[in-house]
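>>> Let me see the structure of the following:
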Amino acid sequence: MREFSGKTAFVTGGASGIGVALGRAFAEAGMNVMLADIEMDALDSTVKSMNHYGSKVRGVRCDVTDPGSVEEAAKATFQVFGRVHVVCNNAGVAAGGGIDYISLDNWRWVIDVNLLGVLHGIRTFLPHIRAHGEGGHIVNTASMAGMNAGLGFSPYAATKFAVVAMSEGLSVELKPHGIGVSVLCPSFVRTRIGESGRNRQLRYGETPRLDPASPAGMMVAEIARRLDAGLDPSDVAARVLSAILKGELYVFTHPNMREEVDERFAAIRAAMDRVTAP
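Numbering: from 1, shown residues only. The predicted structure follows:
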């Protein structure tokens, strides 16, 4: 994509955090924006806060774990704005992991939102974007947890690694069609992901208490303690818009994470050297 003005973006997880920031950034760039979220009160409040954009910003309920709900949200978007060009599969949740208590409900919930939610967005919107022939871009929100194992044995890290792989494969297949793909891999951002259990569906059971000694628990506590501990979502959104215009696959936001990634890649290269050495 070379310009945003007059085109339409669809953003899941649009009622808070990075989703809100993406919506504002797209609207400021002249796009129509459909914000999709399962938390209706927050969504209504967010849309009202963007009244100054006029009819360019709307909201629609969407449960990304339900493919039918994503399809209905897409239909609503088509009815209001017509063609969609940018799809941000951004909705995400976090739950405790580790080896002491392995909860199937936690794993199913996180996988359904963070991984299958991305798949449902791609499956729903990709045929539409290919059909209208005006090009487009898909942005999948992963995490630095999808580039290194710093969070240990957790459903969150597992889904984020998967989203990175999905995005890499999708990028190769869509390049000939003039459709771009980006995978967003931020580190600490000032969002409410530590409170994501507030929207957990009943079928996944009660939300277990997050272990404050776990890597995820310490991350949430640090962001809550220090307002400057996480990056502002608006800075993340700015990087995403730049990546779309430049056709960049990987969108990183925290240069201080380079060392952790280098350590992982060095370990992989060393293991390969042991196999290939004469």
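
>>> Who is residue 183 paired with across the strands?
Note on residue 183: beta-bridge partners residue 140, residue 250, judged by DSSP bridges.

>>> repeat for residue 10
For residue 10, the residues forming beta bridges with it (DSSP bridges) are residue 34, residue 87.

>>> List phi and psi for residue 173.
Note on residue 173: its backbone torsions stand at phi -70, psi -30 [degrees, to the nearest 10].

>>> how about the helices in the stretch 51-200 of the chain?
Applying DSSP state H, counting those that start in this stretch to the stretch 51-200 of the chain gives helices spanning 67-81, 104-110, 116-132, 155-174.

>>> Relative to residue 201, which of the ones you listed is closest?
Residue 201 lies closest to helix 104-110 among those, at 7.5 Å (Cβ to Cβ). C-beta: built from backbone N, CA, C; applies to glycine.

>>> quick one on the thing from earlier: now the helices of the stretch 51-200 of the chain in CSV, with mean pLDDT?
Below are these laid out as CSV (pLDDT from 0 to 100):
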stretch, mean pLDDT
helix 67-81, 98
helix 104-110, 94
helix 116-132, 98
helix 155-174, 97
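
>>> Same list (those helices) but as CSV, adding distance to residue 274 and mean neighbour count.
Shown next, in CSV, are the helices of the stretch 51-200 of the chain (distance: least, Cβ to Cβ, whole Å; neighbours: other Cβ atoms under 10 Å):
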stretch, distance to residue 274, mean neighbour count
helix 67-81, 44, 17
helix 104-110, 32, 19
helix 116-132, 35, 19
helix 155-174, 23, 20
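
>>> Let me have those helices in JSON lines, adding distance to residue 188 as columns.
Converted to JSON lines, the helices of the stretch 51-200 of the chain look like this (distance: least, Cβ to Cβ, whole Å):
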{"stretch": "helix 67-81", "distance to residue 188": "28"}
{"stretch": "helix 104-110", "distance to residue 188": "19"}
{"stretch": "helix 116-132", "distance to residue 188": "21"}
{"stretch": "helix 155-174", "distance to residue 188": "14"}
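
>>> any idea how far residue 68 is from residue 148?
To residue 68, residue 148 is 35 Å away according to Cβ to Cβ, to the nearest Å.

>>> What of residue 169?
From residue 169 to residue 68 the distance is 25 Å (Cβ to Cβ).

>>> And for residue 35?
Separation of residue 35 from residue 68 (Cβ to Cβ): 19 Å.

>>> Quick check: end-to-end length of stretch 49-66?
The first and final residues of stretch 49-66 sit 28 Å from each other (Cα to Cα, to the nearest Å).

>>> Identify the residues contacting it?
With contact meaning Cβ atoms under 8 Å, 6 or more residues apart in numbering, stretch 49-66 is reached by 12-15, 23-24, 27, 31-38, 40, 43-44, 46-47, 69-70, 72-73, 76-77, 80-81, 89, 91, 112-113, 116-117, 120-121, 201.

>>> just checking, next helix/strand downstream of the helix-or-strand element of the chain with minimal mean pLDDT?
Lowest mean confidence among the helices and strands of the chain (mean pLDDT, DSSP states H and E): helix 215-225, at a mean of 61. Sequence-wise, the next helix or strand downstream of helix 215-225 (DSSP states H and E) is helix 233-246.

>>> Low-confidence stretches in the chain?
Within the chain, the segments meeting pLDDT under 70 span 194, 208-229.

>>> In contact with the nearest residue to residue 164 once chain neighbours are set aside, which residues?
In space, and not counting its chain neighbours, residue 164 is closest to residue 146: 4.3 Å by Cβ to Cβ, 6 or more residues apart in numbering. With contacts defined as Cβ under 8 Å, 6+ apart, residue 146 is in contact with 157, 159-164, 183, 185.

>>> how about those, which pair is most distant?
Of all pairs in the contacts of residue 146, the most separated under Cβ to Cβ is 157 and 183 at 14.7 Å.

>>> out of the helices of the stretch 51-200 of the chain, which comes closest to residue 266?
In terms of Cβ to Cβ, the element of the helices of the stretch 51-200 of the chain nearest to residue 266 is helix 155-174, at 18.0 Å.

>>> Point out the other helices and strands that that closest one packs with.
Under the contact criterion of 3 or more Cβ pairs under 8 Å, 6 or more residues apart in numbering; DSSP states H and E, helix 155-174 touches helix 104-110, helix 116-132, strand 136-141, strand 179-185.
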